[in-house]
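Trainee: quick one, structure for this:
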Amino acid sequence: MAQTSVSRPGVQTQVNDFVRSVYNWMAIGLGLTGLTAYYTAHNEAMMRIIYGTPGLTFILFLVVLGFVFFLSARINKIKASTATGLFTIYAILNGVVFSSIFMIYTASSIFSTFMICSATFLGCSFYGMVTKKDLTSLGSFMFMGLIGIIIASVVNIFIQSSAMQMIISYIGVIVFVGLTSYDTQKLKNMSLTMPADATGSMVRKGAIMGALTLYLDFINLFIMLLHLFGDRR
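Mentor: From the prediction side, this is the model:
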């Protein structure tokens with residue numbers, strides 16, 4: 001681990017402040033997504049527009065995917081306020097995309113799965129924060145698993161196999177559990193190596209990117225668990 005010139009209490013304060021900011025923004029993102037999804041699913045006019053317009057859901061999916069790639073590629077070149085705004089818009093648009101889960105699954109199973117996901121996520125994130133083991137190799141392995149899941153999911157769009165979807169979901173849970181621990185440790189290390197004279201803008205942009213990373217881990221873990229435990233209407 002890189003050496004730092006600040007005192008140990010100063011180091012711990014720096015880590016705590018940065019991680020707290022990351023989780024605060026992640027929680028805001030999840031809250032916006034959840035509220036938007038619920039509101040959209042219970043607004044008949046919006047549902048008719050979104051799911052009654054041919055190709056609109058696919059366009060929305062491409063747009064939210066574009067937000068992720070743009071933020072990841074341009075985070076160092078845009079203002080902190082811009083990054084914050086883009087993250088907020090992304091979370092809201094994602095809520096529109098995920099509104100369909102309220103049409104597919106019962107509200108009680110969505111809530112119970114969310115609680116399971118939250119407990120699992122917190123446990124994995126806590127492990128990533130406190131473990132002294134280097135999780136870099138785990139992260140690389142899980143990233144390869146993620147690529148496999150993406151390929152298998154694309155294939156399953158055409159063959160529509162429920163058995164394959166079940167296998168993808170089980171593997172997906174393992175992959176995103178591992179990625180949550182790895183990404184948390186990576187964020188901890190980022191906070192430790194952050195320059196003492198880092199500007200507020202740099203810290204905010206780092207927190208937004210950290211929040212986006214953990215947000216994606218949580219959302220994907222939730223979707224995989226919902227496939228396994230969700231009760232369909």
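Trainee: what ranges do the helices span in this protein?
Mentor: 8-41, 44-52, 56-74, 80-97, 101-104, 107-130, 136-159, 162-193, 200-229 (DSSP state H).
Trainee: redo those as CSV? Include mean neighbour count.
Mentor: Using the backbone N, CA and C atoms, a C-beta is placed for each residue, glycine as well. Written out in CSV, the entries for these read as follows (neighbours: other CB atoms under 10 Å):
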stretch, mean neighbour count
helix 8-41, 17
helix 44-52, 12
helix 56-74, 13
helix 80-97, 19
helix 101-104, 15
helix 107-130, 16
helix 136-159, 13
helix 162-193, 19
helix 200-229, 20
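Trainee: let's have those helices in TSV, adding mean pLDDT.
Mentor: Converted to TSV, the helices of the chain look like this (pLDDT from 0 to 100):
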stretch	mean pLDDT
helix 8-41	87
helix 44-52	89
helix 56-74	90
helix 80-97	94
helix 101-104	91
helix 107-130	95
helix 136-159	92
helix 162-193	92
helix 200-229	92
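Trainee: give me the contact list for stretch 108-127.
Mentor: The contact list for stretch 108-127, computed with CB atoms under 8 Å, 6 or more residues apart in numbering, reads 101-102, 105, 177-178, 180-181, 184, 214, 217-218, 221-222, 225-226, 229-231.
Trainee: check stretch 72-89 too.
Mentor: Counting by CB under 8 Å, 6+ apart, 25, 28-29, 32, 67, 70-71, 200-202, 204-205, 208-209, 211-212 sit against stretch 72-89.
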